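**Student:** sequence unknown, structure follows:
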């Protein structure tokens, strides 16, 4: 055993928060130059472990030892760990949108000549860095003008410029399209060649299997297993079993006796022009949903799926819209979310923290916010009724929290998503639009959300599900619309659909 | 005991303001040899707090939805001058004049709200422009003779008068004693009712010892206040108006859909918009409310001074904003209560009043007020952090 070259050993790590044992004797060993994936359900302790490694939780606030290159480390803050060559890239990227790529890359450790910044050298080095991450973009482009995939790579470039030895990526692919993911993985393999060690947290097991040299599973703050994936092929089912401690036979629960009714929602020749971008973002879309079915919308990042949802749901981005929208056969103009809600349409946003939930308020507040009318008695909110209904939906979607008075910001991603769901179920929708409903949440919570979806369609609700995860699209939809470049490039029946067919249409 | 100490630590923010207020009271009482809590001075203090408290109530709503209003000081001064002119130069009776002024405030609020919400100009800029313009308008309005004296008796009663006493019991005004008694009973009744409802839903309630301590403490405070007031002329009209304003806007925030929408927009405007709430409309409503309350503050101040002067309203906006922040409003929006801001306003007014009694110059006063504001916000941030960690 002694001859294995570990760059990092985290030994018997324990961390307690008031009332919770987040980590309990975790052992985590990373070999030099490998890609090591860390998986586990939300709340398993992955992020906490990485925060300890990167110095967010300083030495002394946890128990156990961090051994880097066979010498014990005591990080008091993030810059200590950076100096030791550890860099962490969070799910929420830390780039400044209004600054250029080269300014961002050297932000905080600017290249100086004397007292002043050496901009020429900065640009030259930024160009080299971009080559290293295979990005063919002018470094003088502003961050806000490049896609999230490139932003992710720039963030990696930024840590490379700090001479990183261990790169930690927290859910790097959560917001990426398949193409961007492949790109990212290629870069990670390049880095591996160059001797950089990578630790990646991910919920997407297929990716984990495709890229990992070692897979470590955490559950309830304990290391369950470390699997060497170079020796044999590891199965998704095997990992899931370790993650949840039980076997989930089918990630996508099957629906029985599907009763699909008449067309209840339709778009005809739907075209939208975005004045802020100065171009058309949706072209002549014909689209319909029948009562009681789940329609999946697949496509790459930037295909116009979220834009389509926003243009239907009250057009808050003020696109210029041509074409017609029908609800139950009647033409409607939905120029505010309020009107869309009145037509019994609900939209669970892609970005639950950004525009989905009021994080500083509690579960009850968020649950009832979109349909307070339901609770009004004269001028006043019937608070008795509010509590009862909030509790009902709390149970229905299976939120795990100590009470409906817990603030939403303190919940895990999966539970936040369930609150979003509860909020829109409270508005009693006939058409529910779900935008990336399971992004960044764990297998158990995913399964519960799918179950709720099935229950809803059984009751006659129609669902539009936008998703970048092909297995999810295939597993849940009755029909699949594929989008690319603001148009619908294909319509598939679920039973004829395959990942290959969808990808072909999405890249058309 | 461990449980209650934990509870106390988690809710220290809510009690902190009261503790600060108590410290200020004790400090000034000893520094002024008792003058500070003399019946005369308490009565004065309440009337001084009045117009700031009214402004702070409106400012609470504005700050919750992530805006600010710098114009309320000079606007209240200007509207005070206009009401004085209406009554003295145009012989309009007090009540119509007051109604005109409140409506005037509402129209200004409509314009501000429109500029902020619909046109998209930051409220800081809109109200800064308002502050400068209203300063000009105030000077213009009072240009002719400097100070405009108000002789209308009814109008001057608002800021200086007291509710009818209905005789005295043991030297104390009857009406004040009765109202105090009813107030305490209502307070205890509603507290117990609310606690029972919370228990029924299995929500967290304060430990029973805490609950009793709170009941006894607040009842004692009301009793003390009522006794002090009853020695003199009793409850002033200003106090009645302030209590009404606080009650109405507390109710709006806590019990109506508009209140929820305000908190929702403050917490996350995009999420609110996508929940079917019109951010534009709510923002306009809030500015209308703010400016109507500013008109009311202007009326209270002019009435108290029995005149309108070129310096009327100077610095009120800062006291109101400081009061709201001391009272627990968060600069990042979404958080704040009207009662908190009332306490904050009382803290600021007590500081002014106490230091005036001590004969401190305004140079020292400003320095101390600034210091208190920073300390209050530091305390706020620290307690919020520790609450998040636990």
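**Tutor:** Structure's in. What do you need? Fair warning: this is a prediction, and the values are worked out from it, not measured in the lab.
**Student:** rest of the way, CA atoms for contacts and neighbours
**Tutor:** Fine.
**Student:** and whichever residue of the stretch 151-300 of chain A sits closest to chain B, how many neighbours?
**Tutor:** Residue nearest to chain B within the stretch 151-300 of chain A: residue A:276 (15.3 Å; CA to the nearest CA). The tally of other residues near residue A:276 (other CA atoms under 10 Å in any protein chain shown) stands at 9.
**Student:** next up, phi/psi of it, please.
**Tutor:** Dihedral angles phi and psi of residue A:276 (degrees, to the nearest 10) take the values phi -70, psi -30.
**Student:** go on, residue B:262?
**Tutor:** phi -60, psi -50.
**Student:** residues touching it, list them.
**Tutor:** The contact partners of residue B:262, by CA atoms under 8 Å, 6 or more residues apart in numbering or on different chains, come to B:61, B:64-65, B:253, B:282, B:334.
**Student:** what segments of the stretch 151-300 of chain A are strands?
**Tutor:** Along the stretch 151-300 of chain A, counting by DSSP state E, counting those that start in this stretch, strands occupy A:166-170, A:197-201, A:214-219, A:222-228, A:263-274, A:279-290, A:294-299.
**Student:** deepest of those strands, which one?
**Tutor:** Most buried of the strands of the stretch 151-300 of chain A, by mean neighbour count (mean count of other CA atoms under 10 Å in any protein chain shown): strand A:294-299, with a mean of 27.
**Student:** circling back: in CSV, list the strands of the stretch 151-300 of chain A along with distance to residue A:241 and mean pLDDT.
**Tutor:** Shown next, in CSV, are those (distance: least, CA to CA, whole Å; pLDDT from 0 to 100):
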stretch, distance to residue A:241, mean pLDDT
strand A:166-170, 22, 91
strand A:197-201, 18, 93
strand A:214-219, 10, 92
strand A:222-228, 11, 90
strand A:263-274, 40, 94
strand A:279-290, 36, 93
strand A:294-299, 28, 94
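**Student:** rewinding a little: which one of the contacts of residue B:262 is nearest chain A?
**Tutor:** residue B:334 (7.6 Å).
**Student:** just the element for the nearest residue to that closest one once chain neighbours are set aside, please.
**Tutor:** Leaving aside its chain neighbours, residue B:334 sits nearest to residue B:266 (3.8 Å; criterion: CA to CA, 6 or more residues apart in numbering or on different chains). Here residue B:266 sits within helix B:257-267, counting by DSSP states H and E.
**Student:** number of residues surrounding the residue nearest to residue B:334?
**Tutor:** 27.
**Student:** give me every residue that touches it.
**Tutor:** Applying CA under 8 Å, 6+ apart, the residues near residue B:266 are B:64-66, B:333-335.
**Student:** wasn't residue A:439 part of a strand?
**Tutor:** No. Going by DSSP: H, G, I helix; E, B strand; the rest coil, the assignment for residue A:439 is coil, not a strand.
**Student:** could I get the phi/psi values of the closest residue to it other than its chain neighbours?
**Tutor:** In space, and not counting its chain neighbours, residue A:439 is closest to residue A:174: 6.4 Å by CA to CA, 6+ apart. When read as degrees, to the nearest 10, the backbone of residue A:174 gives phi -50, psi -40.
**Student:** for residue A:174, the count of nearby residues, please.
**Tutor:** Residue A:174, neighbours per other CA under 10 Å, totals 18.
**Student:** per-residue confidence at it?
**Tutor:** Listed pLDDT for residue A:174 reads 71.
**Student:** how far away is it from residue A:420?
**Tutor:** 18 Å (CA to CA, to the nearest Å).
**Student:** where's residue 102, which helix or strand?
**Tutor:** Went with chain A since none was named. Per DSSP H and E: helix A:101-105 holds residue A:102.
**Student:** ah, I was thinking of chain B
**Tutor:** helix B:94-113.
**Student:** just to revisit the earlier point, got the contact list for the residue nearest to residue A:439?
**Tutor:** Contact partners of residue A:174, counting by CA under 8 Å, 6+ apart, are A:91, A:439-440.
**Student:** tell me which helix or strand in the chain has the weakest average pLDDT.
**Tutor:** In the absence of a named chain, chain A is used. Lowest on mean pLDDT, DSSP states H and E among the helices and strands of chain A sits helix A:236-244, with a mean of 81.
**Student:** which other helices and strands contact that helix?
**Tutor:** Applying 3 or more CA pairs under 8 Å, 6 or more residues apart in numbering or on different chains; DSSP states H and E, one finds that helix A:236-244 makes contact with helix A:205-211, strand A:214-219.
**Student:** cheers, nothing more for now.
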